[in-house]
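Colleague: Sequence and predicted model, in that order:
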Amino acid sequence: MTKDHNGKESAAPAAGFLRASLNVPTALADIAVCLALGALGLWFVVNAAGMPAGRTMIGIGTFPMIVGVILVALCLVQIGLSLRNFRNAGTISFHRPLAVPIGMGLMLLFPFAMDSFGYFQTAALWVPAFAWVAGVAELPTILTLTAVILGLAYFLFQMLLGTPLP
Amino acid sequence: MLENFTNAFELVFAVRVLVALMIGVLVGYCVGAMPGLTSSIGMALLIPFTFELDAISAIVMLVAIYMAADYAAGIPAILVNAPGQPAAAVSAFDGYPMTLRGEAGKALNLSIMSSATGAFISLILLVITAQAMARAALAFGPAEYFALAVLGLSLIAVLSTGSTLKALIGLLFGLVIVTVGIDPIRGSLRFVVTPMLIDGIPFLPALIGLFALSEVFIMLERGNERSRTELGVMRAKPSLSALWPFRRTVLRSSFIGYAVGVIPGAGAAIASLVSYGFAKRASKPADRDSYGKGNPDGVVASEVANNAAVSGALAPLLALGVPGSASAAVLIGGLTIQGLQPGPMLFVNNPQIPYSIFVSLLVGLPIMTAIGLLGVPLWVRLTRIPPGAIATLVACICVLGAFASSNNSFEVLVTVVFGIIGYFLRKVDIHPAPIVLALVLGYMMESNLRRAMIIGNDNLLFLVSRPIAIVLLLGAVLVIASPLLGRLRR
């Protein structure tokens, strides 16, 4: 038995396996994000360096190169600060840590499924799945939500705005 | 000026524009009343609906959402201690204790009336200052625009909440990705890894992803759980006279809110905090302890300032093309989609747009107040929608909105990718606002820097050859150096 947002008990399995919590040291998360952003900055710098200089002092690659270099430098500073305060920086909590990657996966799947099977067919299956991952466990709520979203897409986007949904 | 106002009244009183205004107000209230959804998220989600509208209706609708969401954000803050937006958090300091004392009706009346009064006074300030700013900006050349972009970006980085270093990293991330696509001067392609990126990173999908979809992923973490407070009296009785005892706070907070709103990056949250601090300091020493325990003056100070900041943020947007807040940056997106370039030339080439915004703010005030007061039971019910259902609904509107922007599923993919990036950046306290503001100002910065270099024959001193540019660049240096100097002094 699980409790829903109203505090009522429900027999539906309210995505119980998604309920855990994952604590990651803040410094480690900072380092990971700064490494990713630093790598992106470096990619821009390397590519900008290969661009033709042109006749003016500021060519097509100058601005992205300057910005990229500063981005890399600041990321390195942040990594240094995070390493220095590694023990004292606390932790970042990722609540329901399975729900977010599953939700991201479902979101990434949507455009490809929409192109292959059509918007309405995809949404009819996708909305209940996403709602369940979001913690909506009651079947009537899921069905109402699916109907509202399909109706919104059909009447507002397709009929009123003329969006050619696949 | 009078002629422009007369024309704007005619335009705004057209049925289609009034309908757009009403829809904007209703959507704004719904967005503002739902904790977790902000005006920038609401506007980003509604931009795709404006594609089919004419420019006036589209802009009026977006401005109405912006204002109404700020109006409504105080309602859940006061009733359930869950601010609809960060700016309304200060309203909860005294509003929620008033609710617990059984004075919810009084607190709501004060909140809505204060919001309307703050918005009205700041609207007058907006009309006066925006035109003066635009007139001064007509003399701007590439050097001044480059300096303005540098000042705007430095303010955004320093005034953002949390770590300045992380805000700068977010800002530079925005600046670096804005260079993808066609080079603004020579037309060469840069960093185009797929032909779909020839026109650069699509702004609207990136915006929807960074603001709205990243919030959906944050909501997924919270699941469907929500703390609840049972409410007693919640009907608000309209009475402007209730504000009379707080007239000094109303006037002071309107000016503070407007002035803070004008500063890029400062926003309504800082405005309400500063105003609250001033109200507390200006009160009698015997009353100071009552702030935070249900003093109505605290609610008035916060609500007046955060609504005045909305008009404040519109002044640099309309006059200079520099957004004063994240929501103003989204509004720039709405303007550019309609083929309009905010800045001083907007007052020259399309005066109907800024004047229609002024008039719609004026016409919208009584509508927003009436809807706010009459709809309290509905806004309370909105705060009780399961968060999981809100997350699913917002996720679907993100997909539909991104697709509608160009009828292309690649844009949906861009939205999802930026949503994922936005989520991880938010987890390490890098907020999306500096990134989006960099996406808006980056192009202006690079193109004007390069134009200035062409005009100045590659002489960097050309950037500091004009007095306004020198003042703006010195301002930027001071803004960046001040936190460092403060730290060194300590």
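Modeller: Now that the structure is in, tell me what you want to look at.
Colleague: quick one: average pLDDT of stretch A:149-161?
Modeller: For stretch A:149-161, the per-residue pLDDT values average out at 82.
Colleague: Please apply the same query to stretch A:51-66.
Modeller: On average, the pLDDT along stretch A:51-66 is 83.
Colleague: Likewise for stretch B:97-116?
Modeller: Computed over stretch B:97-116, the mean pLDDT rounds to 84.
Colleague: do the same with stretch B:474-484
Modeller: The average pLDDT for stretch B:474-484 rounds to 78.
Colleague: same thing with stretch A:20-36?
Modeller: If you average the pLDDT over stretch A:20-36, you get 91.
Colleague: residues in contact with that stretch?
Modeller: A:75-76, A:78-79, A:82-83, A:85-86, A:89-98, B:169, B:424-425, B:427-428, B:430 (Cβ atoms under 8 Å, 6 or more residues apart in numbering or on different chains). For glycine as for every other residue, the C-beta is placed from the backbone atoms N, C-alpha and C.
Colleague: Just the buried residues out of these, in ChimeraX syntax.
Modeller: In ChimeraX, this line selects whichever of those come out buried by 16 or more other Cβ atoms under 10 Å in any protein chain shown:
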select /A:75,78,79,82,89,92,94,95,96,97,98 /B:169,424,425,427,428,430
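Colleague: Centre-most residue in the chain?
Modeller: This is for chain A. Nearest residue to the geometric centre of chain A (Cα atoms, centre = their mean): A:Met104, 5.6 Å.
Colleague: My question was about chain B, not that one.
Modeller: Chain B has B:Ser327 as the residue nearest its centroid, 2.7 Å off, counting by Cα atoms, centre = their mean.
Colleague: The residue nearest to the centre of chain A - nearest residue in space that isn't next to it in sequence?
Modeller: Sequence neighbours aside, B:Ile420 is the residue nearest to A:Met104 in space, at 5.5 Å (criterion: Cβ to Cβ, 6 or more residues apart in numbering or on different chains).
Colleague: what's the one you found in contact with, if anything?
Modeller: B:Ile420 makes contacts with A:104, A:107, B:209, B:214, B:217, as judged by Cβ under 8 Å, 6+ apart.
Colleague: Who are the packing partners of the longest helix along chain B?
Modeller: Criterion DSSP state H: the longest helix present in chain B is helix B:104-137. Here helix B:104-137 touches helix B:55-72, helix B:74-80, helix B:89-100, helix B:247-262, helix B:296-320, helix B:344-349, helix B:352-374, going by 3 or more Cβ pairs under 8 Å, 6 or more residues apart in numbering or on different chains; DSSP states H and E.
Colleague: cutoff 6 Å now
Modeller: When contacts are defined as 3 or more Cβ pairs under 6 Å, 6 or more residues apart in numbering or on different chains; DSSP states H and E, helix B:104-137 packs onto helix B:74-80, helix B:247-262, helix B:296-320, helix B:344-349, helix B:352-374.
Colleague: Show me what the mean pLDDT comes to for the first one.
Modeller: Throughout helix B:74-80, pLDDT has a mean value of 77.
Colleague: and the longest helix of chain B with helix B:352-374, angle?
Modeller: Taking axes from the mean of the first three to the mean of the last three Cα atoms, to 10 degrees, one finds helix B:104-137 and helix B:352-374 inclined to each other by 170 degrees.
Colleague: hang on, the earlier thing: next, the residue nearest to the centre of chain A: phi, psi?
Modeller: phi -60, psi -40 (degrees, to the nearest 10).
Colleague: Let me know the pLDDT of it.
Modeller: pLDDT, read off for A:Met104, is 95.
Colleague: Now for the nearest residue to B:Gly312 once chain neighbours are set aside: which residues touch it?
Modeller: Leaving aside its chain neighbours, B:Gly312 sits nearest to B:Gly261 (2.1 Å; criterion: Cβ to Cβ, 6+ apart). Going by Cβ atoms under 6 Å, 6 or more residues apart in numbering or on different chains, B:Gly261 touches B:271, B:309, B:312-313, B:324.
Colleague: Can you tell me which of those has the most neighbours?
Modeller: Greatest neighbour count in the contacts of B:Gly261, by other Cβ atoms under 10 Å in any protein chain shown, goes to B:Ala309: 36 neighbours.
Colleague: count of neighbours near B:Gly339?
Modeller: Neighbourhood size, B:Gly339 [other Cβ under 10 Å]: 8.
Colleague: that's a helix at it, yeah?
Modeller: No: judged by DSSP: H, G, I helix; E, B strand; the rest coil, B:Gly339 forms no part of a helix; its state is coil.
Colleague: Strands of chain A, residue ranges please.
Modeller: Ranges of strands in chain A, per DSSP state E, are A:2-3, A:9-10, A:21-25, A:91-95.
Colleague: could I get those strands as a markdown table with distance to B:Ser154?
Modeller: As requested, these are arranged in a markdown table below (distance: least, Cβ to Cβ, whole Å):
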| stretch | distance to B:Ser154 |
| --- | --- |
| strand A:2-3 | 49 |
| strand A:9-10 | 52 |
| strand A:21-25 | 31 |
| strand A:91-95 | 28 |
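Colleague: Which one of those lies nearest to A:Leu156?
Modeller: Ranking these by their distance to A:Leu156 (criterion: Cβ to Cβ) puts strand A:9-10 first, at 31.5 Å.
Colleague: can you tell me the average pLDDT over the closest one?
Modeller: pLDDT averaged over strand A:9-10 gives 42.
Colleague: quick one: least confident helix or strand in chain B?
Modeller: Lowest by mean pLDDT, DSSP states H and E among the helices and strands of chain B is helix B:376-382, with a mean of 71.
Colleague: Out of the strands of chain A, the one nearest B:Gly364 is which?
Modeller: Proximity to B:Gly364 (Cβ to Cβ) singles out strand A:91-95 among those, at 38.5 Å.
Colleague: Kindly calculate the angle that that closest one makes with strand A:21-25.
Modeller: Here the directions of strand A:91-95 and strand A:21-25 differ by 160 degrees (the same axes, to 10 degrees).
Colleague: Direction included, what does strand A:91-95 pair against?
Modeller: Applying DSSP bridges to the sheet, strand A:91-95 is found paired with strand A:21-25 (antiparallel).
Colleague: Can you give me the buried ones in the strand it pairs with?
Modeller: Within strand A:21-25, no residue counts as buried by 16+ other Cβ under 10 Å.
Colleague: Distance from that strand to the middle of the chain?
Modeller: On the basis of Cα atoms, centre = their mean, to the nearest Å, strand A:21-25 is displaced by 18 Å from the centre of the chain it belongs to.
Colleague: Quick check: A:Thr62 vs A:Val69, distance?
Modeller: 11 Å (Cβ to Cβ, to the nearest Å).
Colleague: who has more neighbours, these two?
Modeller: With neighbours defined as other Cβ under 10 Å, A:Thr62 and A:Val69 compare such that A:Thr62 has more, 19 against 16.
Colleague: Can you verify my assumption that B:Ile41 contacts B:Phe211?
Modeller: Yes: here B:Ile41 reaches B:Phe211: they are 5.0 Å apart, a contact under Cβ atoms under 6 Å.
Colleague: rewinding a little: out of the helices and strands packed on helix B:104-137, which is the most enclosed?
Modeller: Burial of the helices and strands packed on helix B:104-137 is given as mean neighbour count (mean count of other Cβ atoms under 10 Å in any protein chain shown); helix B:296-320 ranks first at a mean of 31.
Colleague: what angle do it and helix B:247-262 make?
Modeller: Using the same axes, to 10 degrees, the direction of helix B:296-320 lies 30 degrees away from that of helix B:247-262.
Colleague: and the strand or helix carrying B:Met43, what does it pack onto?
Modeller: Assigned by DSSP states H and E, B:Met43 belongs to helix B:39-46. Judged by 3+ Cβ pairs under 6 Å, 6+ apart, helix B:39-46 is in contact with helix B:55-72, helix B:326-337.
Colleague: Sweet, I'm off.
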